[in-house]
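any chance you can model this:
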Amino acid sequence: MATREVDPIDGLMVDVVGPWASEKHQRLSEYIRLASGARKVFVPPKGTGGASYIELFSASGRSVIEGTSTYIDGSPLVAYKAAHASGVRFSELHFNDIDQEKTDALDQRIRALGGAAVVHNKPVDLAIDDIVYALNPSGLHFAFLDPYNLEYLSFDIIEKLARFKHMDMLVHVSVQDLQRNLDRYSVQGGVFDKFEPDWRKRVNPNQAIAPFRAALMEYWLGEIRKLGTMPAQGVELVVGSKGQRLYWLMFVAAHDLAQKLWSAVRNPGGQRDMGF
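Residues are numbered from 1 along each chain as shown. Down below sits the predicted model:
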């Protein structure tokens, strides 16, 4: 078994990430900061519904940038600290990862910061049911969906979260995964059948690669709109150090205020379409 990296500060395991992770975390932190006014309405003394933060692919809470000795907070700690600094904390934290060593490390790190989280160690299709069962239907919820690849981003996850009246989602969609595995994912019973069920009824797979990818993503966005929620205008394309296309950040919400807040966060000079 390969030796796992550990953080020299706390001795707990870390994840290895690319340098672009900090850019993603910056947007996450800024949105949470700007949304503090909205959270305040839902938590005591003004409200009773509560404000929750959800990650289904939470990892260990700390990371090391690949090829360096630079350690950074992972998204769960970024979110926790951003809410704390804003003056309006999340009233609930729900985390999940299939790797128990990671969830144990994350739980210890959240506790070391003075927080408490509900931490699951399950396949995502089981964890999502436990989490949505625990959420207050009257609360304000923010889910960060950050899977390693499309295989784990089944559409029913988004569908179950979108049933809540006040649910914002920030979704990481891997461009590299889509490009590298287009043929394998599009076979009968492949990943696309979970990522966007019934896509074959609307998308012709017998076309050039670029329009095929574009049609798949437009169909996916259309299915999200049918849930009564709306992908934000503009797509944030994150690129690597050599200009390689890595992933999109897709913000999804049903309410205008959340959309306006995300518009203030996203890079105004960034890419506004899928780029196919």
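
return the set of buried residues in the longest helix along the chain.
Under DSSP state H, the helix in the chain containing the largest number of residues is helix 209-226. Of all the residues in helix 209-226, those buried under the rule 16 or more other CB atoms under 10 Å are F212, R213, A214, A215, L216, M217, Y219, W220, L221, E223, I224. C-beta: built from backbone N, CA, C; applies to glycine.

elements contacting it?
helix 155-161, helix 175-180, helix 182-185, strand 230-231 (3 or more CB pairs under 8 Å, 6 or more residues apart in numbering; DSSP states H and E).

could the ones you listed go into JSON lines alongside distance to A112, mean neighbour count and mean pLDDT?
Putting the helices and strands packed on helix 209-226 into JSON lines (distance: least, CB to CB, whole Å; neighbours: other CB atoms under 10 Å; pLDDT from 0 to 100) gives the following:
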{"stretch": "helix 155-161", "distance to A112": "29", "mean neighbour count": "19", "mean pLDDT": "96"}
{"stretch": "helix 175-180", "distance to A112": "33", "mean neighbour count": "17", "mean pLDDT": "86"}
{"stretch": "helix 182-185", "distance to A112": "40", "mean neighbour count": "14", "mean pLDDT": "93"}
{"stretch": "strand 230-231", "distance to A112": "36", "mean neighbour count": "18", "mean pLDDT": "74"}
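
can you put the ones you listed in JSON lines and add distance to L246?
Shown next, in JSON lines, are these (distance: least, CB to CB, whole Å):
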{"stretch": "helix 155-161", "distance to L246": "21"}
{"stretch": "helix 175-180", "distance to L246": "6"}
{"stretch": "helix 182-185", "distance to L246": "16"}
{"stretch": "strand 230-231", "distance to L246": "19"}
